[in-house]
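A.B. asks: model this:
(2 chains)
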Protein chains: 2
Amino acid sequence: MSEITKNQIKLIRSLQQKKTRKEYGLFTVEGKKNVLDLIHSDFTIEELYSTEEVDLPINHVTISKKQLSQISSLKQSEGVLAMVKIKNFTPKTNARLTLVLDTINDPGNLGTIIRTADWFGVDQIICSSQTVDCYNPKVVQAAKGSLFHIPIVYTDLIDFLKDRKNVYGASLDGEAIGYNTKLESSTLVMGSESHGISEELIPFIQHLIKIPSYGKAESLNVAIATGILLNEFAK
Amino acid sequence: MSEITKNQIKLIRSLQQKKTRKEYGLFTVEGKKNVLDLIHSDFTIEELYSTEEVDLPINHVTISKKQLSQISSLKQSEGVLAMVKIKNFTPKTNARLTLVLDTINDPGNLGTIIRTADWFGVDQIICSSQTVDCYNPKVVQAAKGSLFHIPIVYTDLIDFLKDRKNVYGASLDGEAIGYNTKLESSTLVMGSESHGISEELIPFIQHLIKIPSYGKAESLNVAIATGILLNEFAK
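C.D. replies: Residues are numbered from 1 along each chain as shown, chains lettered A, B, ... in the order given. Below you'll find the model as predicted:
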């Protein structure tokens, strides 16, 4: 059993803030399933902590439950925490399927979108700088290991979209997709739940599409809409 | 400006617990959008509170921000809270599209599922008694008004399913649905994210289906999977 210093505890806790993550180039990953996916990825683990109860296949520091709860961002720690180097990706221009996210604020939604994109084999996710940071602990948690499977890039969306062809965007003003709509894999833009896709991006989108409604709800949750459209593209 | 009594505050706060909701047959609804949907529904409002800032089209009690924050279940109250009578529905046997939920534990997931079911015109939702209570404040919040559009029934699922025909169930062992799969509207059963559909229900399901995967994620979030499948049924 080891001890972590007060300074170490302070550093790890401070990584819950985006500013500190940027400054140190580090983020935290919690939970056994998440950490196992991390170990099998090409992310670099800086430090790995766990309690005695948790069995891990690689070298790690064993600490007390109390100390782990001090560095955990969860209400109830899952007994494992890794401090990991942030990876900086650059956008690929030859990707088969790109998901573009314009201002997704809710960390749970972003995490679920990353997990869903991973299920459907999305090659990269391009986020506007207003989108919540993908290394936010709540995003990492909701992504359930999928964060380590897909490159995620934060960049100017006009810059990214201006040379793309075959760009689709989800919009309540779009054309309803139907049983026979064939969507060609390319680029799908999703906007914020309250405001949709930003107006300045509309000129760079060739096909505005929407999911037909048969009931009374005013809108769909953005992660749900993303899942439904990715399923259409994947077919 | 009115005052609410300490006893009233205590009662309203206690409605955050399922046991008290059952005892009084009451639940709470917060947020202007949610309350407007409520007003246009056939649910009975027992009492409606708001702060001065919020404009409402029906009679209500104006209270201070401080008092509203005392009765609110939200970190940041949205300035409106209604105390509403729980409605008891009975299962319909002639519904066109029924969604059956077997042990959905997460309130956010259940709320999002209700909202999504409303978008796709689901006629009723039948829940196992292990499924989180749909009048839980977090479910009400995530459902964004859709709770007032669809009858939701908690009952024994074997009892409900035993006379149904054309029952579909989502399962990782199911048959992958494809571009040409035509799903006939009827009954869709969704199981828990960690354990899937309970074994004792399997004999009552005629078609086990799954959403094809093209990536590395082990599973989809249950609300996402429900959205994708309802979109297929709605087509």
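
A.B. asks: what are the pairing partners of the helix or strand hosting A:Glu47, and which direction each?
C.D. replies: Per DSSP states H and E: A:Glu47 is located in strand A:45-50. Using DSSP bridges, the strands paired with strand A:45-50 are strand A:61-62 (parallel), strand A:80-85 (antiparallel).

A.B. asks: what does the first one rub up against?
C.D. replies: Defining contact as C-beta atoms under 8 Å, 6 or more residues apart in numbering or on different chains, one finds that strand A:61-62 is touched by A:1-2, A:4, A:47-52. Backbone N, C-alpha and C define where each C-beta goes, glycine included.

A.B. asks: ok so, going back, would you turn the strands paired with strand A:45-50 into a markdown table with mean neighbour count and mean pLDDT?
C.D. replies: Converted to a markdown table, those look like this (neighbours: other C-beta atoms under 10 Å in any protein chain shown; pLDDT from 0 to 100):
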| stretch | mean neighbour count | mean pLDDT |
| --- | --- | --- |
| strand A:61-62 | 15 | 94 |
| strand A:80-85 | 22 | 97 |
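
A.B. asks: Quick one: the ones you listed as CSV, columns for distance to B:Lys10 too.
C.D. replies: Listed next are the strands paired with strand A:45-50 as CSV, based on distance: least, C-beta to C-beta, whole Å:
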stretch, distance to B:Lys10
strand A:61-62, 46
strand A:80-85, 39
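
A.B. asks: so which of those comes closest to B:Lys85?
C.D. replies: strand A:80-85 (45.9 Å; C-beta to C-beta).

A.B. asks: Next secondary structure element downstream of that closest one?
C.D. replies: Taking DSSP H and E, what comes next after strand A:80-85 is strand A:98-101.

A.B. asks: Contacts only, for A:Lys18.
C.D. replies: Contacts of A:Lys18 (C-beta under 8 Å, 6+ apart): A:133, A:135-136.

A.B. asks: Can you tell me how far A:Asp156 is from B:Leu188?
C.D. replies: The gap separating A:Asp156 from B:Leu188 is 42 Å, by C-beta to C-beta, to the nearest Å.

A.B. asks: same question, A:Leu97
C.D. replies: Distance, A:Leu97 to B:Leu188, by C-beta to C-beta: 27 Å.

A.B. asks: Give me the more crowded residue out of these two.
C.D. replies: More neighbours surround B:Leu188 than the other of A:Leu97 and B:Leu188, with 25 against 20 (other C-beta atoms under 10 Å in any protein chain shown).

A.B. asks: distance of the more buried one from chain A?
C.D. replies: 14 Å (C-beta to the nearest C-beta, to the nearest Å).

A.B. asks: Quick check: A:Ile197 vs chain B, distance?
C.D. replies: The spacing between A:Ile197 and chain B, counted by C-beta to the nearest C-beta, is 19 Å.

A.B. asks: The spatially closest residue to that residue that is not a sequence neighbour: how many residues sit nearby?
C.D. replies: Among residues not flanking A:Ile197 along the chain, A:Gly191 sits closest, at 3.4 Å (C-beta to C-beta, 6 or more residues apart in numbering or on different chains). For A:Gly191, the count of nearby residues is 23 (other C-beta under 10 Å).
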